[in-house]
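*Asks:* Quick one, what's the 3D model for this:
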Amino acid sequence: GPAPPLPLGATFTVPWPPGQQRKNQQFSAGALPLQTWPLAYWPDGSLKWTAHALPAGSALPQKLEVKPGASAPAATRVTVRDGLETIVIGTGVIEVTVPKRGADLIAAIRRDGRDIAVGGRLVVLSDDQPDSTSGTVKQPAYASEIASVKVEQNGPIRAVVKVDGRHRGSGRDWLPFSVPLYFYAGAASVRLLHTFVFDGD
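*Replies:* Residues are numbered from 1 along each chain as shown. Next up is the predicted model:
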């Protein structure tokens with residue numbers, strides 16, 4: 001039988017031979033809704049690599065085939081509202097508010113009209129005596145401070161919002177971070193990838 005439904009949504013890539021797929025080609029995955037974007041081109045301008053996203057809850061067939069054609073319509077779409085102070089992303093199940101400044105990466109996650117999580121931020125604890133086996137160790141906390149928030153992809157199946165900033169505390173700004181947040185239509189969760197640079201001594 002078919003594989004179990006995707007609980008979180010999925011992204012995958014497909015390579016193409018030179019000259020086979022034109023630059024603006026649309027793609028289909030049969031009855032599954034599909035979002036497509038280019039990753040690389042051949043010197044003749046044809047597609048070399050494409051990326052594709054499937055929504056959460058998609059029941060995958062034994063063999064998933066991507067071919068030229070219009071995608072099946074999505075029953076649930078991811079939405080992005082980019083405002084002056086916040087970006088609000090809806091998956092059809094949850095609504096996530098991402099502020100453009102301050103310490104919180106995620107101000108709130110709402111489901112069925114009520115907040116289920118608020119005030120999501122990064123916190124770094126720094127030991128003043130690394131690998132110490134004796135004595136008192138101080139652990140000052142450094143909270144995330146947002147420098148920029150950018151919508152990198154806005155649906156209809158997948159949306160990506162990238163948050164960049166630094167950690168701040170004890171009169172110090174350091175450890176630059178980058179956190180892309182990934183949202184899929186029909187998903188009850190948010191994926192994120194936290195990368196930071198150690199710029200201390």
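
*Asks:* Contacts only, for residue 192.
*Replies:* 105, 179, 180, 181, 182 (Cβ atoms under 8 Å, 6 or more residues apart in numbering). All C-beta spots, glycine's among them, are computed from the backbone N, C-alpha and C.

*Asks:* Nearest to residue 67, out of those: which one, please.
*Replies:* Ranked by distance to residue 67 (Cβ to Cβ), those are led by residue 182 at 25.4 Å.

*Asks:* Now do the same for the closest one: helix, strand or coil?
*Replies:* Recorded secondary structure, residue 182: strand (DSSP: H, G, I helix; E, B strand; the rest coil).

*Asks:* follow-up on the earlier one: can you redo the contacts of residue 192 as a markdown table with distance to residue 11?
*Replies:* What follows is those, written out as a markdown table (distance: Cβ to Cβ, whole Å):
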| residue | distance to residue 11 |
| --- | --- |
| 105 | 21 |
| 179 | 17 |
| 180 | 12 |
| 181 | 14 |
| 182 | 8 |
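
*Asks:* Would you mark the buried spots in stretch 136-156?
*Replies:* With burial defined by 16 or more other Cβ atoms under 10 Å, the residues of stretch 136-156 counted as buried are 142, 144, 145, 146, 149, 151, 153, 154, 155, 156.

*Asks:* what does the model give the first one for pLDDT?
*Replies:* For residue 142, the model assigns a pLDDT of 91.

*Asks:* Name the next helix or strand downstream of the helix or strand that contains it, please.
*Replies:* Per DSSP states H and E, residue 142 falls inside strand 141-154. Sequence order places strand 158-169 as the next helix or strand after strand 141-154, per DSSP H and E.

*Asks:* Report all helices and strands that that following strand contacts.
*Replies:* Strand 158-169 sits against strand 79-82, strand 86-90, strand 141-154, strand 172-184, with contacts defined as 3 or more Cβ pairs under 8 Å, 6 or more residues apart in numbering; DSSP states H and E.

*Asks:* and the helix or strand bottoming out on mean pLDDT in the chain, how far from the chain's centre?
*Replies:* The weakest-scoring helix or strand in the chain, judged by mean pLDDT, DSSP states H and E, is strand 123-125 (a mean of 89). Taking the mean of its C-alpha atoms, strand 123-125 sits 22 Å from the chain's own mean (Cα atoms, centre = their mean, to the nearest Å).

*Asks:* for stretch 33-49, same thing?
*Replies:* Averaging C-alpha positions (Cα atoms, centre = their mean) puts stretch 33-49 20 Å from its chain's average.

*Asks:* what about that stretch, start to end distance?
*Replies:* By Cα to Cα, to the nearest Å, the extent of stretch 33-49 from end to end equals 19 Å.

*Asks:* Show me which parts of that stretch are buried, residue by residue.
*Replies:* 33, 34, 35, 36, 42, 46, 47, 48.

*Asks:* export those to CSV and tack on pLDDT?
*Replies:* What follows is the buried residues of stretch 33-49, written out as CSV (pLDDT from 0 to 100):
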residue, pLDDT
33, 96
34, 97
35, 98
36, 98
42, 98
46, 97
47, 98
48, 98
